[in-house]
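Chemist: What shape does this take:
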Amino acid sequence: MRREEIVQRAVDELSAAHPGMFVSITAGADGSWVWDGARLVHAPIYNAQVRSTAGAGDAHLSGIVAGLAAGLRWRRPSAWGRSSGRCR
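Modeler: Reported below is the predicted structural model:
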């Protein structure tokens, strides 16, 4: 099964159990996916030299949470998450 199919299945199950839920799924070098309750969008990674992946997922999540807390729509916080995840 391809990664996209796995992500879609996960989103289908989560959204069935929790309608309207916001979901962000990270996949390392394959980027991330965001589900806003209606649409699943893939976002590729930013081109950056990787020194370590330690904390990248935490940084990604903190960018999303900060953007959502600031009242931004779902696409902007997702971009903040991707940007935060690549910081050194």
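Chemist: Bridge partners for the most centrally placed residue in the chain, pull those for me.
Modeler: Geometric centre of the chain, nearest residue: Ser24, 3.5 Å, by CA atoms, centre = their mean. In this entry, Ser24 is beta-bridged to Val34, by DSSP bridges.
Chemist: looking at this structure, which helix or strand is least sure?
Modeler: For the chain, scoring each helix and strand by mean pLDDT, DSSP states H and E identifies helix 75-85 as the least confident one, at a mean of 64.
Chemist: that older thread, these two touch, right, the residue nearest to the centre of the chain and Leu40?
Modeler: No: between Ser24 and Leu40 no contact is recorded; they are 10.8 Å apart, counting by CB atoms under 8 Å. Every C-beta, even on glycine, is put in place using the N, C-alpha and C of the backbone.
Chemist: hey, what's in contact with both of those two?
Modeler: Counting by CB atoms under 8 Å, 6 or more residues apart in numbering, the contacts common to Ser24 and Leu40 are Trp33, Val34.
Chemist: so which helix or strand takes in Ala48?
Modeler: Counting by DSSP states H and E, Ala48 is held by no secondary-structure element, helix or strand.
Chemist: Look up how far Phe22 lies from it.
Modeler: 25 Å (CB to CB, to the nearest Å).
Chemist: between those two, who's got more neighbours?
Modeler: When Ala48 is set against Phe22 and neighbours are counted by other CB atoms under 10 Å, the residue ahead is Phe22, at 14 against 11.
Chemist: got a list of what that one touches?
Modeler: With contact taken as CB under 8 Å, 6+ apart, Phe22 is in contact with Val34, Trp35, Asp36, Gly37, Leu68, Trp74.
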